[in-house]
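Colleague: using only what follows, build the 3D model:
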Amino acid sequence: MSDSAPQTPMPMDASLEGGPKPASRAAARRPGSSGFFRAIDLAEPGKGDPVEENQILRRVLRKQEHDFSTLFEIIGQTSARSLDLVSMQTYLLRTVSGHFTTPRLMIVRQLAEDDASLCCSAAQGLREVRARLPSHSPLCEEALARRACLALSALPASFQELPELMALRELGMEVAVPLIQEVESPATVLEGFLLLGGRLAGKAYSGPDMEFLYSLGKMLAICLRNEALYRRSIIDDLTGVASRGHFDARLSQEIARVKRDDHRSLGLVMLDIDHFKGFNDTYGHQTGDRVLQEMARSMVSQVRAVDMVARYGGEEFAIVLAEIDRQRVKDVAERLRRAVERIALRAPSGEVLKITASFGVACYPDDADNKYELIQLADAALYKAKDGGRNRVVLAPPGGNRGQPALPDPQADAAKAEHPSGRLAAESSN
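Modeller: This next block holds a predicted model:
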């Protein structure tokens, strides 16, 4: 940690007069004055050439108007993309690159909560970035202490020999913008850095540029934290696949899409790990967790990007297969079953674990009229696979439960109960 005093971000027009030096005695009496007020001081009667003073004031106002307009646009567009990390980072890097005419930029941050390093999350103008910045690096501590943008070449001499700083300089990085957020707790959190390379034509980053970037960094930190919280709400922490709630929402969306486009259909695969309790009882729960993680990894590798793998609960998983017919759904389930058999996992004792799973399959609209019937049919087929000897695939019967009493639809029942006519009917029946 450097013992240098914290730096205050420079006002947004400092470079227009050669630096942060006050332009007049009146400005010197206003240590917190922005460039706007210093320009007003210059324009006071008797201070100088009125034409020149007017030009300075106009230039300052145009600069500030452009910077604020750009900052607000970036904030709006980035916030709108805050739940789509790739889109948000791509937009931000492209826009900042254009605003500062710098071809090289990157964002480094913790890619997982237990990571001990900040890694490249997105980059522009760079290829195969492998730079890693330890979370407790002196550079991170300096950024938290100063709460300002850092010009890498201006850091104390003791920093210049740090391997992480040398790696950043080799990539052409010149400015580190700390992504700091103070929303969740009193303690300041460093989410990472926005790093910028040199500007075209060798133009230096000015004081106003640094202030602009620092404000942008604080906004980006909040967006990144919101995206991380959102991701945690839709992803199962242990296996990394979709959570039960996200599965329910996605299945509803896919069924609505099928209803809208008559030529489409979808499949639902429900599967349960055979004799899973034995893994926990014999080898411990950590081994059971590894089985779940390997199962999830194997299934994700066997399906398309448009499909969804979700942890339905415990050792049960569900897979939504989009735009697929009945026979192909069964073929996919058979492929998944064989992939599970090939999982090579050893117990702490060195014993090779034999892992199998049972599968139930149903299709919409071939077998079911709504989401709840579809889940019930796939689940019933799964238990037939269990009863039939496990490690097999069972397809729901053609037409499913059609011709039998309709299964209850909780959403429809709730909507009916909320409707005045529904309440009146219920009251009259009582």
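
Colleague: all strands for the stretch 1-150 of the chain, in order.
Modeller: With DSSP state E, counting those that start in this stretch as the criterion, the stretch 1-150 of the chain has strands at 105-109, 117-124, 132-134, 150-151.

Colleague: shaky segments in the protein?
Modeller: Along the chain, segments meeting pLDDT under 70 span 1-48, 82-83, 183-187, 400-430.

Colleague: rebuild the strands of the stretch 1-150 of the chain as JSON lines, extending it with distance to Ile375.
Modeller: Where C-beta positions appear, they are placed from N, C-alpha and C, glycine not excepted. As requested, these are arranged in JSON lines below (distance: least, CB to CB, whole Å):
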{"stretch": "strand 105-109", "distance to Ile375": "37"}
{"stretch": "strand 117-124", "distance to Ile375": "36"}
{"stretch": "strand 132-134", "distance to Ile375": "44"}
{"stretch": "strand 150-151", "distance to Ile375": "53"}
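
Colleague: of those strands, flag the one that's most buried.
Modeller: Of all those, strand 105-109 carries the top mean neighbour count, a mean of 24, counting by mean count of other CB atoms under 10 Å.

Colleague: packing partners for it?
Modeller: Under the contact definition 3 or more CB pairs under 8 Å, 6 or more residues apart in numbering; DSSP states H and E, strand 105-109 sits against helix 85-100, strand 117-124, strand 173-181, strand 189-197.

Colleague: so what touches that strand?
Modeller: Contact partners of strand 105-109, identified using CB atoms under 8 Å, 6 or more residues apart in numbering, comprise 89, 92-93, 96-97, 118-126, 129, 131, 133, 171, 173, 179, 191-197, 220, 224.

Colleague: Pro365 contacts Val258, correct?
Modeller: Yes. Counting by CB atoms under 8 Å, Pro365 touches Val258, with 6.5 Å between them.

Colleague: any common contacting residues for the two?
Modeller: Ser265.

Colleague: picking that back up, and the strands of the stretch 1-150 of the chain: which comes nearest Gln253?
Modeller: Closest to Gln253 of the strands of the stretch 1-150 of the chain, according to CB to CB: strand 117-124, at 27.3 Å.

Colleague: quick one, that closest one and helix 85-100 angle?
Modeller: Going by axes from the mean of the first three to the mean of the last three CA atoms, to 10 degrees, strand 117-124 is angled at 60 degrees with respect to helix 85-100.

Colleague: name every strand pairing with strand 117-124 and say which way it goes.
Modeller: Partner strands and pairing direction for strand 117-124 (DSSP bridges) are strand 105-109 (antiparallel), strand 132-134 (antiparallel).

Colleague: and these as JSON lines, adding distance to His66?
Modeller: Converted to JSON lines, the strands paired with strand 117-124 look like this (distance: least, CB to CB, whole Å):
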{"stretch": "strand 105-109", "distance to His66": "20"}
{"stretch": "strand 132-134", "distance to His66": "32"}
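
Colleague: heading C-terminal from the one helix or strand Phe247 maps to, find the next helix or strand.
Modeller: Assigned by DSSP states H and E, Phe247 belongs to helix 244-260. For helix 244-260, the following helix or strand on the C-terminal side (DSSP H and E) is strand 266-273.

Colleague: any idea how far that next one is from the middle of the chain?
Modeller: Distance, stretch centre to chain centre, for strand 266-273: 27 Å (CA atoms, centre = their mean, to the nearest Å).

Colleague: and if you look at stretch 304-313?
Modeller: 18 Å.

Colleague: how far does that stretch stretch from one end to the other?
Modeller: One end of stretch 304-313 sits 22 Å from the other (CA to CA, to the nearest Å).

Colleague: identify whichever of the strands of the stretch 1-150 of the chain lies nearest to Ala339.
Modeller: Evaluated with CB to CB, these place strand 117-124 nearest to Ala339, the distance being 29.6 Å.

Colleague: and that closest one with strand 173-181, angle?
Modeller: 120 degrees.

Colleague: which among the contacts of strand 105-109 count as buried?
Modeller: 89, 92-93, 96-97, 118-124, 126, 129, 131, 133, 171, 173, 179, 191-197, 220, 224 (16 or more other CB atoms under 10 Å).

Colleague: quick one: contacts of stretch 300-313?
Modeller: With CB under 8 Å, 6+ apart as the contact definition, stretch 300-313 has outside contacts at 236, 238-239, 241-244, 246-247, 250, 270, 292, 296, 299, 317-323, 332, 335-336, 339.

Colleague: in strands, which of those residues fall?
Modeller: Per DSSP state E, strands hold the following members of the contacts of stretch 300-313: Met270, Phe317, Ala318, Ile319, Val320, Leu321, Ala322.

Colleague: which among these gets closest to Thr287?
Modeller: After measuring the ones in strands among the contacts of stretch 300-313 against Thr287 - CB to CB - the closest member comes out as Phe317, at 18.0 Å.

Colleague: partner residues bridging the closest residue in space to the closest one that isn't next to it in sequence?
Modeller: In space, and not counting its chain neighbours, Phe317 is closest to Leu271: 5.3 Å by CB to CB, 6 or more residues apart in numbering. With DSSP bridges as the criterion, Leu271 is bridged to Phe317, Phe359.

Colleague: I'd assumed Phe359 was in contact with Leu271.
Modeller: Yes. With contact defined as CB under 8 Å, Leu271 counts as touching Phe359 (4.6 Å).

Colleague: relative to Asp209, which of the strands of the stretch 1-150 of the chain is closest?
Modeller: Per CB to CB, nearest to Asp209 of the strands of the stretch 1-150 of the chain: strand 150-151, 10.5 Å.

Colleague: who does that closest one pair up with?
Modeller: Checking strand 150-151 against DSSP bridges gives partners strand 173-181 (antiparallel).

Colleague: before we move on, the earlier item: take the helices and strands packed on strand 105-109 and lay them out in CSV including distance to Ala154.
Modeller: Shown next, in CSV, are the helices and strands packed on strand 105-109 (distance: least, CB to CB, whole Å):
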stretch, distance to Ala154
helix 85-100, 18
strand 117-124, 21
strand 173-181, 10
strand 189-197, 14
